[in-house]
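1. With the input below, show me the fold.
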Amino acid sequence: VTILIHSYIVMCHGASMGLRQPFAIVEPVEGESKLKLNQEGLSVLKQMRGPIVPVVVIGPYRSGKSFTLNQLMEVPCDEGFGVGHSRHTQTKGIWVWGEPLQLKTDDGETLNVLFVDTEGFESTGKADVYDDRIFALSTLISEILIYNLPESIRESDLEKLSFAAELAKAFYGTNRSNTVQPTSMIWLIQRDFLEGDSLQETLEKALRRVPNPHKDSGIAQLNHIREGLEKISKSSTAIGLPQPHLDRTKLCDLDEKEFDPHYVKQRDRLRNLVRDKASPKKVGGKALDGEGLVDLISQTVTALNEREIPTAGSLVYYFNKDLVAKCKDMYVDDMSVQQLPMEESEIRSRSDSVMDKVLQVFDKDRFGTDVDDLKGELSHVLDEELQSIMSANELASTKVCEHAEMVCEETMEKEANQALPSANRFRKKYEACRKNFDTLCVGPGKDHNVERLEHAWARELSRFNKEFNDKLLNGIIFISIALVVIFRFVIRWGLGETIGWIIFIFLQVYPRTFIGTSSSMFETQGWKMVTKAWEAVVDNPIVDLQAYGLPLVAVFLVLYVARARIRRLMLMMRTRMVGR
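-> Got it, this is the predicted structure:
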């Protein structure tokens, strides 16, 4: 890519001049191994528009990182990152240069190359876990990661990057939109006196996996680190940088023409290498601007501080915890549209469908690659929600089924107590009630209440059959007495009154003939014919005698009496007319 290098824009007025300096964005927490955000520095980052290309330098303390960055930026020591010559580390935490180098690509896109200085590894009074936090943050936010090393690439230099293996497994990938794009890694060897192999060949040998036929745990760990470094870096380039001058304490006071020519040549090569590798920092497939980079820094620092000893797993959990909550809410919302109670098989089928949908959303939106544990936790959370729904369904099922069963029992009791009992009508009422019960009662509470309902039906049917014959016998006796009264005092029909007396006497005498025997009048064919006739009258499809029988009888008697009175009145009037 052809890159037009824009010189730094030197602003002449107060506010703009204030950006041409380093700003702390992350600082160590006093007395702890954790990090804290510097809001002033982050506010400078937020103002940067367009794609950001963070160039981050890491390495041991007192290895010349800050001076090298100043040289890359073409900024003198008194303006750029602080350079010290004492035994104490000069840079604390992570700092950025407030005025990015602007580069343009041949397609017209402007890139903001942001130079970032970091606190050196193994500085006095700092624990290894602190170095891990610095390295993790530097790796995640960098587009170009420069590992500044003195003299050579040693096995111990790889060991310092042990956290790289975890980070690589957790976050880095090239075929997913929800991973961190691998960085371009430059291995910068200061004071290169090596002979023989070129630095690139030396780097390739250093990163090559060591044969481990005896499964040595130490070698396995180093190979694990090498695998991680392969994943977090899309390219690894080695470059040497000799000393600028023999007197290192005077570097900031020297003019460029006093630097060693070989140093100047390699420094310019390093500048060109950084510019050639410059591309936007992308996370989740999206190029970050200043505000996006601040969000990434803020989230990463918070995640790194979540535990006393950060792990890649803890970082992944932090970055995805909101997604887990979102997926849980999505599952609950989709499952809550169901009207309980339901059959458990339907709930599980619905749950499987919703869970597949939720896990697809998780796989699509998750951040990082090593999320098996988090996915397992999400599945566990969803299983707990399913069990909660199952419990609620069981409660709802029990409530609905108990109510439906109680309605059926009340219906059977009411029907059994009717004044005009009907075995056919009793069975029809039960069948209608049972149909309604089967419609309403679903879910785990059904089997128990079906059993209760069947017991109630057997109990009420037995009681009904016993009381039915007694009620029918008493009813017929009552009707016979009614016939006697009606045909004697109301209608005055002698034959009808006689029939009433015959029926009454028969029903008083005939049942007693079965006393002392094992049979009953109710078992005779004649009585069965009587019950069939009774059923035909009482359970007829035209008139509901249970509801309208007595009113109809009353209306009939009233009409009959009225008719008799009218006939008598007309007869009297006719007699009077004849007499005149």
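
2. Next one: L101 relative to Q221, how far apart?
-> L101 sits 38 Å away from Q221, taking Cβ to Cβ, to the nearest Å as the criterion. Bear in mind the C-beta positions are built from the backbone N, C-alpha and C, glycine included.

3. more crowded one of the two?
-> More neighbours surround L101 than the other of L101 and Q221, with 24 against 14 (other Cβ atoms under 10 Å).

4. who's that one bridged to?
-> V113 (DSSP bridges).

5. That one contacts V113, doesn't it?
-> Yes. With contact defined as Cβ atoms under 8 Å, L101 counts as touching V113 (4.1 Å).

6. All the strands of the stretch 201-350 of the chain, residue numbers only.
-> With DSSP state E, counting those that start in this stretch as the criterion, the stretch 201-350 of the chain has strands at 233-241, 282-283, 286-287.

7. got those strands as JSON lines, with mean neighbour count and mean pLDDT columns?
-> Shown next, in JSON lines, are the strands of the stretch 201-350 of the chain (neighbours: other Cβ atoms under 10 Å; pLDDT from 0 to 100):
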{"stretch": "strand 233-241", "mean neighbour count": "19", "mean pLDDT": "88"}
{"stretch": "strand 282-283", "mean neighbour count": "18", "mean pLDDT": "86"}
{"stretch": "strand 286-287", "mean neighbour count": "15", "mean pLDDT": "88"}
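
8. Throw those strands into CSV and include distance to V264, thanks.
-> Formatted as CSV, the strands of the stretch 201-350 of the chain follow (distance: least, Cβ to Cβ, whole Å):
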stretch, distance to V264
strand 233-241, 10
strand 282-283, 34
strand 286-287, 33
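
9. can you tell me which of those comes nearest to E535?
-> strand 286-287 (81.6 Å; Cβ to Cβ).

10. Pairing partners for the closest one, with directions?
-> So strand 286-287, judged by DSSP bridges, has these partners: strand 282-283 (antiparallel).

11. mind checking how far the strand it pairs with is from the chain centre?
-> In terms of Cα atoms, centre = their mean, to the nearest Å, the centre of strand 282-283 is found 25 Å from the chain centre.

12. quick one: contacts of that strand?
-> V180, Q181, L288, G292, L296, F367 (Cβ atoms under 8 Å, 6 or more residues apart in numbering).

13. For the stretch 51-200 of the chain, just list every one of the helices.
-> 65-73, 128-141, 155-159, 163-171, 199-207 (DSSP state H, counting those that start in this stretch).

14. Am I right that F121 is in contact with K160?
-> Yes. In this structure F121 lies within contact range of K160 using Cβ under 8 Å: 5.4 Å.

15. shared neighbours of these two, which are they?
-> With Cβ under 8 Å, 6+ apart as the test, F121 and K160 both reach P60, D131, F135.

16. Low-confidence regions, the stretch 151-300 of the chain specifically.
-> The stretch 151-300 of the chain contains residues with pLDDT under 70 at 162, 164-165, 168-169, 172-179, 191-197, 249.

17. 90 - rerun?
-> Within the stretch 151-300 of the chain, the stretches with pLDDT under 90 are 151-183, 189-210, 212-235, 240-260, 263, 282-286, 299-300.

18. And for the stretch 351-500 of the chain?
-> Scanning the stretch 351-500 of the chain for pLDDT under 90 picks out 360-379, 409, 411-429, 456, 459-480, 482-483, 485-494, 496-497, 500.
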